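Enquirer: Predicted coordinates and the sequence they were generated for:
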Amino acid sequence: MDLISRISQHFTESAQTKLDAIELLAAPVAEAIEAMVGCLLNNGKILACGNGGSAADAQHLAAELVGRFELERHELAAIALTTDTSTLTAIANDYGFKLVFAKQVRALGQPGDILVAISTSGNSANVIEAINAAHANDLRVLALTGQGGGTIGEILRATDVHICVPAERTARIQETHLLVIHCLCDGIDCLLMGVEE
């Protein structure tokens, strides 16, 4: 096995996936930024959820908003629904893993808040339930998916934002989701702070 060639192929495929996604994703990412800024300016909060690598992405987003991204600014209200092990295990034990995010959305979400729902396949059952809970409680949903969007793409409302990476491979979708998250954080900071560059 030629590891150098294999590694080079990963870099090339990752870069190409991102380049292929620019035209498709730039507008929904911009719409998501504007929605998140509107939510935050109205004293709302961002809730985020996902499984596995997408759980890490949810935490990454919340960390960049509560702490900071690249510019110094005041803290922004964001919660990753993937981090409280007592809550997660209690819900999973008593109600099943399918409801680990939905019950948190119902407990913490208020009308006007935003749920960032992350699923590479678009078919994660607990993320779907979280979206259903968000809709029932008047939260807007920003969905990050791939592989055509799956069930999540089918249940989103016209007021939701769907950022669907045009790729099938999980690694490439997750790498692009991370870029999208950085674009969201940068755009939020630029709008809030009046950055023109």
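Expert: On my side now, so go ahead. Residues are numbered from 1 along each chain as shown.

Enquirer: In the longest helix along the chain, which residues are buried?
Expert: Counting residues, the longest helix found in the chain (DSSP state H) is helix 3-41. Neighbour-count burial for helix 3-41, counted by 16 or more other Cβ atoms under 10 Å, picks out 14, 17-18, 21, 25, 28-29, 32-33, 35-37, 39-40. Quick note: C-beta positions are derived from backbone N, CA and C, even for glycine.

Enquirer: Point out where the protein drops to low pLDDT.
Expert: For the chain, the stretches with pLDDT under 70 are 197.

Enquirer: Residue 137 reaches residue 110, doesn't it?
Expert: Yes: using Cβ atoms under 8 Å, residue 137 is in contact with residue 110, at 7.5 Å.

Enquirer: Looking at the two, which is more packed in?
Expert: residue 137 (16 against 12; other Cβ atoms under 10 Å).

Enquirer: if I look at that one, how far off is residue 106?
Expert: 6 Å (Cβ to Cβ, to the nearest Å).

Enquirer: and if you look at residue 163?
Expert: 24 Å.

Enquirer: so where do the helices sit in this protein?
Expert: Under DSSP H, the chain gives helices at 3-41, 53-66, 85-95, 102-108, 125-136, 150-155, 170-193.

Enquirer: And the third one, what does it pack against?
Expert: Put plainly, it is helix 85-95. helix 102-108 (3 or more Cβ pairs under 8 Å, 6 or more residues apart in numbering; DSSP states H and E).

Enquirer: Next one: the residue located most distally from the centre of the chain from residue 7, what distance?
Expert: Each residue of the chain has a distance to the centre, and by Cα atoms, centre = their mean the biggest one is for residue 1: 35.9 Å. From residue 1 across to residue 7, the span is 11 Å (Cβ to Cβ).

Enquirer: again with residue 136
Expert: 46 Å.

Enquirer: which strand is the longest one in the chain?
Expert: If you go by DSSP state E, the chain has its longest strand at strand 140-146.

Enquirer: Would you indicate which residues of that strand are buried?
Expert: 140-146.

Enquirer: Neighbours of the nearest residue to residue 124 once chain neighbours are set aside, how many?
Expert: Counting by Cβ to Cβ, 6 or more residues apart in numbering, residue 51 is the residue found nearest to residue 124 once chain neighbours are left out, at 5.5 Å. Using other Cβ under 10 Å, residue 51 has 20 other residues around it.

Enquirer: Now residue 51, what are its backbone angles?
Expert: In terms of degrees, to the nearest 10, the main-chain angles of residue 51 are phi -120, psi 150.

Enquirer: what does residue 167 give?
Expert: phi -150, psi 160.

Enquirer: Check the spacing between it and residue 138 real quick.
Expert: In terms of Cβ to Cβ, residue 167 sits 32 Å off from residue 138.
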